[in-house]
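Student: predicted coordinates and the sequence they were generated for:
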Amino acid sequence: MTAGRVGPDEIAAPLPVRPVVRVGAPTERRNPLSADLDLMSTRDVLAVINNADRLVPAAVAAVLDEIAVLVDLAAAALRDGRRVHYFGAGTSGRLGVLDAAELVPTFNSPRHWFCAHLAGGPDAMWRAVEDAEDDAQGGAAEVAGCVRPGDVVVGLAASGRTPYVLGALAAARSQGASTALICANPDAPAASSVDVFIGVDTGPEVVTGSTRMKAGTAQKLVLNMFSTAVMVRLGRVYSNLMIDMVATNAKLRGRMISILVEATGCPEDLCRRALNESDGDLKTALVSLVSGAEIPAARAALARSADQVRGALDLLAS
């Protein structure tokens, strides 16, 4: 093993190891670059992990086209009154729960827009629920109770072959829902049975089979960009500012004023007055300040443009 610290562009040289047996998904294979992990210094362990993590953004970049298809599919479904569902197990499922939970406070999205389903139920957020991810019928049964035609069902499975997830996807497709699979296995057999396949090639993990590492990081990145882009397409961002946030505390109320100042260039006192006159509705205050229209006219323009700020401004300018 190389002595001393590992730089950003190198890794500790591994001791000779037996040939790697390639079995199952890429995430289950041994990574020869971390074969001596337990013999390394703490600093070198961290460097190996960091160097592996640096591969993830490039792997995600390779599937941007597929993510874009899923974004447009989901945005269209939500505009049509449908829902987006995440079905996952283990780390993948927990990341789905996290993504769905963060959309409500960040974008004030209706709670029913993004629904997260975790193999084993809420208890599985904190501990492994025995055999839950192996229950294909359990995934299908959960679909039967909540998924409707026209919904978008996104399966989350690092290996791409988790029975609970595949069972849910098969049942969802039979019920007329659109389906997608996000995984860390570009060669997952299920690729041909979903409408959108996003297989991020993150390769073997530093700790063999620990998909909370590179595979989990990749899924977090994909889910972040997917749901954020959906919110952008649905008009919940103006420029690069959050304009559909819920002011549930003093910090967020202050942020609303800051957003209005940034978006309009108006003085803080004028922004505060507009927000008060619009009963705390940031979008109405924003449209009023940018267009110069009175609050009632701004509110009416938003109603006519499906609550889209850009559309409301176009109406008032015409």
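Tutor: Right, received. Where do you want to start?
Student: show me where the stretch 1-150 of the chain has its helices.
Tutor: With helices called from DSSP state H, counting those that start in this stretch, the stretch 1-150 of the chain shows them at 42-53, 56-61, 64-79, 90-107, 136-146.
Student: could I get the ones you listed as JSON lines with mean neighbour count?
Tutor: For the C-beta atoms, the positions are set from N, CA and C on the backbone; glycine is no exception. Supplementary listing: those in JSON lines, determined by neighbours: other Cβ atoms under 10 Å:
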{"stretch": "helix 42-53", "mean neighbour count": "16"}
{"stretch": "helix 56-61", "mean neighbour count": "16"}
{"stretch": "helix 64-79", "mean neighbour count": "17"}
{"stretch": "helix 90-107", "mean neighbour count": "20"}
{"stretch": "helix 136-146", "mean neighbour count": "17"}
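Student: of the ones you listed, which approaches residue 173 most closely?
Tutor: Comparing the helices of the stretch 1-150 of the chain by their distance to residue 173 (Cβ to Cβ), the top pick is helix 136-146, with 9.5 Å.
Student: helices or strands next to the closest one in the packing?
Tutor: Contact partners of helix 136-146 among helices and strands, from 3 or more Cβ pairs under 8 Å, 6 or more residues apart in numbering; DSSP states H and E: strand 84-88, strand 114-118, helix 163-174.
Student: can you rerun that using 7 Å?
Tutor: helix 163-174 (3 or more Cβ pairs under 7 Å, 6 or more residues apart in numbering; DSSP states H and E).
Student: output the contacting helices and strands for the helix it packs on.
Tutor: For helix 163-174, the packing partners by 3+ Cβ pairs under 7 Å, 6+ apart come out as strand 84-88, helix 136-146, strand 152-156, strand 178-183.
Student: with only the CA atoms kept, save the third one in CSV.
Tutor: What that stands for is strand 152-156. Backbone C-alpha positions of strand 152-156 (Å, rounded to 0.1, in the frame of the first residue of the first chain) are rendered in CSV as follows:
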residue,chain,number,x,y,z
VAL,A,152,-46.4,8.2,-13.4
VAL,A,153,-44.8,5.5,-11.3
VAL,A,154,-41.1,5.7,-10.8
GLY,A,155,-39.3,2.6,-9.5
LEU,A,156,-36.2,3.1,-7.4
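Student: what's the neighbour count on the closest residue to residue 99 other than its chain neighbours?
Tutor: With sequence-adjacent residues excluded and distances taken as Cβ to Cβ, 6 or more residues apart in numbering, residue 99 is closest to residue 223, at 4.2 Å. Under the neighbour criterion other Cβ atoms under 10 Å, residue 223 is assigned a count of 24.
Student: checking residue 223 next. Helix, strand or coil?
Tutor: Here residue 223 takes the helix state, with states given by DSSP: H, G, I helix; E, B strand; the rest coil.
Student: which residues does the spatially closest residue to residue 29 that is not a sequence neighbour contact?
Tutor: In space, and not counting its chain neighbours, residue 29 is closest to residue 204: 4.3 Å by Cβ to Cβ, 6+ apart. Listed by Cβ atoms under 7 Å, 6 or more residues apart in numbering, the contact set of residue 204 reads 26, 27, 29, 30, 31.
Student: quick one: residue 195 and residue 180 touch, right?
Tutor: Yes: between residue 195 and residue 180 there is a contact under Cβ atoms under 7 Å: 6.3 Å.
Student: of the two, who's got more company?
Tutor: Just comparing residue 195 and residue 180: by other Cβ under 10 Å the higher neighbour count belongs to residue 180, 25 against 16.
Student: who does the nearest residue to residue 88 once chain neighbours are set aside bridge with?
Tutor: Of all residues beyond its chain neighbours, the one nearest residue 88 is residue 156 (3.3 Å), with distances taken as Cβ to Cβ, 6+ apart. Using DSSP bridges, the bridge partners assigned to residue 156 are residue 88, residue 182.
Student: give me the number of residues near residue 156?
Tutor: By other Cβ under 10 Å, 29 other residues sit near residue 156.
Student: next: residue 199.
Tutor: By the criterion of other Cβ under 10 Å, residue 199 has 21 neighbours.
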